[in-house]
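Trainee: Sequence and computational prediction follow.
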Amino acid sequence: MLDLINSKKLILTLVGITLFLLSGCNRIADLPVGKGNTAKYLCSALFNSNLDFELVRDVFIAPAMQPLPLFWRIKVDYDEELVTVGDIFFGTKIATATAIYRDGIGCTLLAGRTIDEVDAQEFEALEPPVLPEDQPWPRGLGGLHPGLIPGLNVIALDDAITNAFIGPDSEDRNTTSMVVVYDGKLIAEQYALGVTEDTPVIGWSMTKSITSTLIGITQDHGLIDIEEPAPIAGWEGTEKEAILTKHLLHMASGLKFNEDTSGLSELTQMLFLEPDQALYVASRPLINTPGAVFSYSTGQANLLAKIVQNTVGGSLQDAYDFYQTQLFHKIDIRSAFIEFDASGQFLGGTYGFMTPRDWARLGQLYIQNGDWFGEQVVSAEWIDYALQPSLVAEDYGAQIWLNTDGVKLPLLPEDTYYFNGYHGQQVTIIPSKKLVVVRTGVNLRASGSGYHEAYMIGIVESLQGLE
């Protein structure tokens, strides 16, 4: 039996090597990126979200990285709360990637730094707000709205949510949560794949909309002016001084940055190989006139996060305290945090975590024009600005996707807008329908606006009797 197992391993390895060689030299460059991605993804999924190891490794990560998983050597230390990923290639052990978990701020990829260097960053978690258990969402810990909502087509709503989990031909969408809020009431939710109402889930690029909100709060407080040159160290007196903070908000900085997720690119170099991600982005060459060309990049959101962090004090603790006390805690969000890189800078482009219900609270803040039941957390003026098309993209505002003239989602109302992330993470907001919808998951095949629009149409149609 042992010989049979070893023979199967040998065959798989030989197949992997053949595929690797046939895929070209670019796959060699992918090895360190793949290890960094895997270490970081696993660390966050296991220790932030408490998901199943084999599910994350085999279903969420491996299909997008073939044939690299054949070479992985993964070690999870549950006592020390760290993940190490190495690989064996032609019998040679290649350098490892390590991600470590810190309670309160999630996982950090070391990216060349040592554990001691990262652990030396001072941090103390804040106590989250205490919410009454007997009060309904969003002010309390209560779940679904207890009463019937006259006119709501419950069967149609259930069908729409089910279709978000299971697609045509019973295809599993890898949806982990759906949360539906109507008129400030939590009217439906469903979970899968180990995610529950208490699981912090990654927003990927929905984090950009958090960062935009934090920029709005700093602007409201008079700490920055988005019409002025972006306050990035090393840019003063150079051609990059022409980059205004609003250009970063609108993805129009002019900096060279390839957002490709499929292999080695500036995006993956930044996320999985750089200890100081903002410093890396700031060093990219200027290839377009600032404010002239839309070019979506996570790097620009990380520069916005750098501006926020420097503005409020500069340290990891300063940034954490600011985003908790000035945003999350004010809107009754208890679960949220944004992860940091190895330099101690929060990563405003990708790594925001909170429960699906808390993602819905952030959407509810927007539908309420920045007011949280009597407290103006972010100004209505900022909300209006963030939802205006920029001069370079009619379907994009300040780190938020727009449905201007129905361009993105032609079958949904034109006032639809949404926070959008990798693998189909969405917080979709339709003010005219009093609707906030959260979807999280890991779309490996069925992603894109068609899937997004399909489940949203079903939800909107279930509300027709309410109008």
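Mentor: Cool, got the structure. These numbers were taken from a predicted model, which means no experiment stands behind them.
Trainee: Hmm, Leu144 is touching Ile187, no?
Mentor: Yes: taking Cβ atoms under 8 Å as the definition, Leu144 is a contact partner of Ile187 at 6.8 Å. Quick note: C-beta positions are derived from backbone N, CA and C, even for glycine.
Trainee: burial of Arg73, as a residue count?
Mentor: A total of 13 residues lie near Arg73 under the criterion other Cβ atoms under 10 Å.
Trainee: How about it: what's its closest non-neighbour residue?
Mentor: In space, not counting the residues next to it along the chain, Arg73 is nearest to Gly86; the distance is 4.5 Å by Cβ to Cβ, 6 or more residues apart in numbering.
Trainee: Would you list the phi and psi of His145?
Mentor: Note on His145: backbone dihedrals following degrees, to the nearest 10 are phi -50, psi 130.
Trainee: how close does it get to Leu131?
Mentor: Taking Cβ to Cβ, to the nearest Å as the measure, His145 and Leu131 are separated by 16 Å.
Trainee: Also Ser462?
Mentor: Taken as Cβ to Cβ, the span from Ser462 to Leu131 is 28 Å.
Trainee: Mind checking which of these two has more residues around it?
Mentor: In this view Ser462 and Leu131 are compared by other Cβ under 10 Å, and Ser462 has more residues nearby, 24 against 15.
Trainee: Tell me how many other residues surround the closest residue in space to Lys185 that isn't next to it in sequence.
Mentor: The spatial neighbour of Lys185 that comes closest, neighbours along the chain excluded (Cβ to Cβ, 6+ apart), is His145 at 4.1 Å. His145 has 17 neighbours, counted by other Cβ under 10 Å.
Trainee: ok, His145 - contacts?
Mentor: Contacts for His145 were tallied using Cβ atoms under 8 Å, 6 or more residues apart in numbering; they are Pro136, Trp137, Lys185, Leu186, Ile187.
Trainee: please redo it, this time with the cut-off set to 6 Å
Mentor: Contact criterion Cβ atoms under 6 Å, 6 or more residues apart in numbering gives Lys185, Leu186, Ile187 as the residues in contact with His145.
Trainee: Ile100 too?
Mentor: By Cβ under 6 Å, 6+ apart, Ile100 lies in contact with Leu82, Thr108, Ile115.
Trainee: what's the closest of those to Asp260?
Mentor: For these, the residue nearest Asp260 by Cβ to Cβ is Thr108; the value is 23.6 Å.
Trainee: Give me the buried positions along the helix or strand the residue nearest to Arg73 falls within.
Mentor: Using DSSP states H and E, Gly86 sits in strand 82-89. Judged by neighbour count using 16 or more other Cβ atoms under 10 Å, the buried positions of strand 82-89 are Leu82, Val83, Thr84, Val85, Gly86, Asp87.
Trainee: ok, now stretch 276-289?
Mentor: Applying a neighbour-count criterion of 16+ other Cβ under 10 Å, one finds Asp276, Gln277, Ala278, Leu279, Tyr280, Val281, Ala282, Arg284, Leu286 buried in stretch 276-289.
Trainee: and if you look at stretch 41-56?
Mentor: Judged by neighbour count (16+ other Cβ under 10 Å), stretch 41-56 contains these buried residues: Tyr41, Leu42, Cys43, Ser44, Ala45, Leu46, Phe47, Asn48, Ser49, Leu51, Val56.
Trainee: how close does the residue nearest to the first one when sequence neighbours are not counted sit to Leu51?
Mentor: In space, Tyr41 comes closest to Ile61 once its chain neighbours are excluded; the distance is 5.6 Å by Cβ to Cβ, 6+ apart. The gap separating Ile61 from Leu51 is 11 Å, by Cβ to Cβ.
Trainee: so where is the protein shaky, pLDDT-wise?
Mentor: Along the chain, the model assigns pLDDT under 70 to residues 1-30, 88-94, 168-171, 444-449, 467.
Trainee: Can you give the domain ranges for it?
Mentor: Annotated domains of the chain cover 2-102, 201-466 [automatic domain parsing].
Trainee: Serialize the ones you listed to JSON lines and add fields for distance to Leu126.
Mentor: Formatted as JSON lines, the domains of the chain follow (distance: least, Cβ to Cβ, whole Å):
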{"stretch": "domain 2-102", "distance to Leu126": "14"}
{"stretch": "domain 201-466", "distance to Leu126": "5"}
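Trainee: Just say which of those domains is most tucked in.
Mentor: Taking mean count of other Cβ atoms under 10 Å as the contact definition, the stretch among these with the greatest mean neighbour count is domain 201-466, which reaches a mean of 20.
Trainee: How far off centre is that domain?
Mentor: What separates the centre of domain 201-466 from the centre of its chain is 9 Å, taken as Cα atoms, centre = their mean, to the nearest Å.
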